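In: The sequence and its predicted three-dimensional model are supplied below.
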Amino acid sequence: MVKIQRVPLAYNTEPPTGRLASAYDVGREVSQAVDQRQQRIRQYGLDPLFSLPDANWHETAPNDYINAYHMLSRLDWPTLRFLRLRAQPFTGYNMLYLRNGAGFSCTDPIPPNIDNFQPDQPENEVIVRWKAFTATMPERLIYRAPLMLGERGWLVDGDFVNNDIVTYQERMALMATGGVFEHLDRVETPRIIEIGGGYGALAYAIMSAYPNAEYWICDLPESLMFSGLYLSMVQDWPVRVTQAGCEAKRGINLLPNYYFPFLGQPFDLAINTLSMSEMSVHQVGIYGAGLARLLRDRNGLFFEQNQDNRQMGLCYSKDHMGQFFSRRRTLETSLPISNGIADIWSN
Ligand SMILES: C[S@@+](CC[C@H](N)C(=O)[O-])C[C@H]1O[C@@H](n2cnc3c(N)ncnc32)[C@H](O)[C@@H]1O
């Protein structure tokens with residue numbers, strides 16, 4: 001018999017004042033990275049087709065992340081305290097009404113009686129998947145989401161879960177299946193790069209297991225507003241916005257995507273989940289070639305989980321990766337995965 005208890009919004013805790021001040025600094029720098037993008041493209045002779053948001057993230061695409069970006073850029077606590085309720089563009093899940101995001105906007109107003117919309121228990125599938133993704137995982141590889149910034153859900157046998165938490169635990173379970181963590185365990189200071197880090201949940205889960213790591217999130221600067229603010233507010237590792245020099249430091253390094261071609265130092269692990277298939281083929285190609293180059297010297301791995309989005313007029317990024325990597329290991333698993341096939345690419 002599974003024991004379930006509701007975790008409503010009222011259970012959220014607030015970040016200490018110092019973290020909030022750091023988050024505002026990060027937010028201001030990220031805003032600059034958006035505002036100065038065209039200028040940097042001209043200054044450094046960058047490729048606009050790679051540098052500017054495209055495909056599912058193009059300004060004309062049916063994706064309202066720009067509206068949420070503008071909302072968060074106000075950098076005021078009444079807005080930031082509900083950051084997680086604005087993160088639907090990354091996971092497709094609406095945290096306001098705790099259901100699939102179809103038909104909702106990530107900037108919908110928050111009703112005063114929001115907790116009335118929370119069912120007494122999660123969908124059965126959430127419980128089944130959580131149990132499967134954690135059954136054999138060591139505690140340090142279980143994603144313990146901070147109960148902050150609008151996160152809510154249920155305690156299932158004492159574990160805090162909701163749809164998004166289970167989705168990120170799916171990534172952790174797949175990486176464990178593929179031996180990714182054993183690979184990282186062999187390195188003293190793992191250098192990890194995630195392309196398209198969403199609101200920063202996977203970075204948080206991995207940094208919790210490898211607090212010594214140098215973790216880079218390379219993303220559209222609009223999205224770095226989410227991950228930068230989130231990671232600054234929920235924990236104490238340093239979070240910084242990286243400039244064209246790409247200086248290497250421990251903690252979280254936020255890299256505006258247009259500086260990706262400037263990265264030179266090798267990485268142990270690259271990650272991309274549910275995002276390359278939302279980019280243009282041109283962007284996928286530049287990331288593929290660049291990652292192959294950056295992983296080569298440290299026998300690095302590229303863990304990637306993506307769906308086939310061709311029926312939506314987008315691409316299937318896996319079709320474009322084989323030209324850059326000589327080895328492809330598709331992860332065979334009996335886990336109840338629901339976010340596409342996972343592969344580990346290497347050379
Ligand atoms: C659907 S979200 C997935 C987020 C997260 N990886 C996950 O698995 O939930 C797609 C991510 O790709 C990012 N993205 C889109 N275009 C990009 C680009 N050209 N370069 C880097 N990241 C990009 C988005 O900003 C977003 O963070």
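Out: Right, received. Where do you want to start?
In: which parts of this protein sit against the ligand?
Out: Residues of the chain lying near the ligand by Cβ under 6 Å from any ligand atom: 53, 57, 90-91, 195-198, 218-220, 223, 257, 273-275, 278-279, 283. In short, each C-beta sits where N, CA and C put it, glycine included.
In: which ones are touching the closest residue to residue 280 other than its chain neighbours?
Out: Distance criterion Cβ to Cβ, 6 or more residues apart in numbering; nearest residue to residue 280, sequence neighbours excluded, is residue 54 at 4.2 Å. Residue 54 is in contact with 279-280, 282-283, counting by Cβ atoms under 8 Å, 6 or more residues apart in numbering.
In: just residue 107 next, same as before
Out: Residue 107 makes contact with 64, 67-68, 71, 86, according to Cβ under 8 Å, 6+ apart.
In: tell me the SS of residue 283?
Out: Secondary structure state of residue 283, per DSSP: H, G, I helix; E, B strand; the rest coil, is helix.
In: Quick check, it in contact with residue 53.
Out: No - counting by Cβ atoms under 8 Å, residue 283 sits too far from residue 53 to count as a contact (9.4 Å).
In: Which one's more surrounded, the two?
Out: Ranked by neighbour count (other Cβ atoms under 10 Å), residue 283 and residue 53 place residue 283 first, with 26 against 22.
In: Please report the distance of residue 28 from the ligand.
Out: Computed as Cβ to the nearest ligand atom, to the nearest Å, the residue 28 to the ligand distance reads 19 Å.
In: ok now do the nearest residue to that residue once chain neighbours are set aside, which residues does it touch?
Out: Among residues not flanking residue 28 along the chain, residue 75 sits closest, at 7.1 Å (Cβ to Cβ, 6+ apart). Contact partners of residue 75, counting by Cβ under 8 Å, 6+ apart, are 23-24, 27-28.
In: Over to residue 308?
Out: By Cβ under 8 Å, 6+ apart, the contact set of residue 308 is 277, 316, 318, 340.
In: The first one: neighbouring residues, count only.
Out: Residues within reach of residue 277, counting by other Cβ under 10 Å, total 25.
In: Phi first, then psi, for it.
Out: phi -70, psi 0 (degrees, to the nearest 10).
In: right, and it touches residue 307 too?
Out: Yes - assessed by Cβ under 8 Å, residue 277 is found in contact with residue 307 at 5.6 Å.
In: so what sits against both of these two?
Out: By Cβ under 8 Å, 6+ apart, the residues touching both residue 277 and residue 307 are 316, 340.
In: helices and strands around the host helix or strand of residue 154, which ones?
Out: Per DSSP states H and E: residue 154 is located in strand 153-156. Judged by 3 or more Cβ pairs under 8 Å, 6 or more residues apart in numbering; DSSP states H and E, strand 153-156 is in contact with strand 4-7, helix 124-134, strand 159-161.
In: Need the residues that contact the shortest one.
Out: Right, strand 159-161. 7, 122, 126-127, 130, 134, 142, 144-145, 147, 153-155.
In: Return the member of those nearest to the ligand.
Out: Nearest to the ligand out of the contacts of strand 159-161 is residue 145 (Cβ to the nearest ligand atom; 13.1 Å).
In: SS state for that closest one?
Out: Following three-state DSSP, we place residue 145 in the coil state.
In: And for it, the neighbour number?
Out: So residue 145, with other Cβ under 10 Å, has 19 neighbours.
In: is it true that it touches residue 201?
Out: Yes - with contact defined as Cβ under 8 Å, residue 145 and residue 201 form a contacting pair (7.0 Å).
In: Now list whatever residues contact both of the two.
Out: Residues touching both residue 145 and residue 201 (Cβ under 8 Å, 6+ apart): 164-165, 168.
In: just the buried members of the residues you listed?
Out: 164-165, 168 (16 or more other Cβ atoms under 10 Å).
In: Which member of those residues is positioned nearest the ligand?
Out: Taking these together and measuring to the ligand by Cβ to the nearest ligand atom, the closest member is residue 168, at 7.1 Å.
In: who touches that closest one in this structure?
Out: 143, 145, 201-202, 205.
In: so it is in which element?
Out: With elements taken from DSSP H and E, the one containing residue 168 is helix 163-177.
In: what about that helix, average pLDDT?
Out: Averaging pLDDT along helix 163-177 gives 98.
In: No further queries at this time; thank you.
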